[in-house]
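[1] give me a 3D structure for the following:
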Amino acid sequence: MKASELKNKTADELNAELLSLTKAQFGLRMKVATQQMSNTSEIRKVRRDIARIKTVLTQKGAVK
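    Numbers count the residues shown, from 1 in each chain. Prediction:
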């Protein structure tokens, strides 16, 4: 997900995306803990996407 794509979305859309990524991050952490996941780079990608969304929300001044 690119920052330019995120800037075109509304604050509500960004918050919904943030919620889904947070849930995905939790699921990935559980997979790693139970040793069901071999590609751990997914966690890094999700973390960075969460950071991008939070940055765009801060820039828009729509932080909850």
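[2] now the phi/psi pair for residue 6, please.
    phi -70, psi -30 (degrees, to the nearest 10).
[3] please disregard the earlier target; I meant residue 38.
    Torsion angles, degrees, to the nearest 10, at residue 38: phi -100, psi -30.
[4] so which bits of the helix or strand of the chain with the lowest mean pLDDT are buried?
    Every helix and strand in the chain was compared by mean pLDDT, DSSP states H and E; the lowest is helix 3-7, with a mean of 88. Going by neighbour count (16 or more other Cβ atoms under 10 Å), the buried part of helix 3-7 is residue 6. In this view, the C-beta of every residue, glycine as well, is placed from N, C-alpha and C.
[5] dump the helix or strand just after that helix to CSV, keeping only the CA atoms.
    Counting by DSSP states H and E, the element after helix 3-7 in chain order, helix or strand, is helix 11-33. The C-alpha coordinates for helix 11-33 follow below in CSV (Å, rounded to 0.1, in the frame of the first residue of the first chain):
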residue,chain,number,x,y,z
ALA,A,11,-10.5,9.5,7.6
ASP,A,12,-13.2,7.0,8.1
GLU,A,13,-11.8,4.7,5.4
LEU,A,14,-8.4,5.0,6.9
ASN,A,15,-9.6,4.1,10.4
ALA,A,16,-11.4,1.1,9.0
GLU,A,17,-8.3,0.0,7.2
LEU,A,18,-6.2,0.6,10.4
LEU,A,19,-8.6,-1.6,12.3
SER,A,20,-8.4,-4.5,9.8
LEU,A,21,-4.6,-4.3,9.7
THR,A,22,-4.4,-4.4,13.5
LYS,A,23,-6.5,-7.5,13.5
ALA,A,24,-4.3,-9.0,10.8
GLN,A,25,-1.2,-8.2,12.8
PHE,A,26,-2.7,-10.0,15.8
GLY,A,27,-3.4,-13.0,13.7
LEU,A,28,0.1,-13.1,12.3
ARG,A,29,1.6,-12.8,15.8
MET,A,30,-0.5,-15.8,16.9
LYS,A,31,0.7,-17.8,13.8
VAL,A,32,4.3,-17.1,14.7
ALA,A,33,3.8,-18.0,18.3
